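>>> below: sequence and its predicted model.
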Amino acid sequence: MAEEAKVNDPNKKQQEIKEKAKDLVGGFYTDPFHILNDGTFAGTRTISDHDGLITVIGTDDGVKWWKLDGKWTNKEKGELQVDFTQKGAPQKFKDFPGTYKDGKIVWKDGSNTWTKVTSWNAK
């Protein structure tokens, strides 16, 4: 019975998921400039990496959703670009560069970092 408890340990499972996910950009992220921590999806982003193309789907307010296209510029170094003009950002944010490492995307100017989350507690 004790052996079965070790196999089904949710904390161990969560740690295994975090370890596997840290090397992959795909996943669920929070943006500190928009996250409300009120149980809504405001400030969340979901990222997909498929065939070298990056897709970001997110919401700043939890109501209006948007889709952004991106790509790797140097996958080995974690360097990518995303076109934020697709959600109404100024032209200087077209193909805006960021770097992915250890579950975080740090954007070019260093003023924003998205953090990957592997679990979510909705209220």
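Thanks, I have the structure now.
>>> point out where this protein drops to low pLDDT.
Low-confidence segments of the chain, defined by pLDDT under 70, span residues 1-7, 14, 17-23, 122-123.
>>> for it, which strand is longest?
strand 65-74 (DSSP state E).
>>> now the helix or strand following that one: buried residues?
For strand 65-74, the following helix or strand on the C-terminal side (DSSP states H and E) is strand 79-82. Of all the residues in strand 79-82, those buried under the rule 16 or more other CB atoms under 10 Å are Leu80, Gln81, Val82. Glycine gets a C-beta too; all of them are placed from N, C-alpha and C.
>>> please report how far the second one lies from Asn74.
What that stands for is Gln81. Distance, Gln81 to Asn74, by CB to CB, to the nearest Å: 10 Å.
>>> please, which helix or strand holds the residue nearest the centre of the chain?
The geometric centre of the chain, computed from its C-alpha atoms, lies nearest to Tyr29 (CA atoms, centre = their mean), at 3.2 Å. Taking DSSP H and E as the criterion, Tyr29 maps to strand 27-30.
>>> list the strands paired with that strand, with their directions.
Partners of strand 27-30 in the sheet, by DSSP bridges, are strand 44-50 (antiparallel), strand 113-117 (antiparallel).
>>> how about those strands in TSV, adding distance to Ala89?
Shown next, in TSV, are the strands paired with strand 27-30 (distance: least, CB to CB, whole Å):
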stretch	distance to Ala89
strand 44-50	14
strand 113-117	15
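>>> so can I have CSV of these showing mean neighbour count and distance to Gly70?
Putting those into CSV (neighbours: other CB atoms under 10 Å; distance: least, CB to CB, whole Å) gives the following:
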stretch, mean neighbour count, distance to Gly70
strand 44-50, 17, 8
strand 113-117, 18, 12
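>>> closest to Phe33 out of those strands?
Set against Phe33 and scored by CB to CB, those come closest in strand 113-117, at 9.7 Å.
>>> still on that earlier bit, any idea what the residue nearest to the centre of the chain is bridged to?
Arg45, Lys116.
>>> brilliant, that's me finished.
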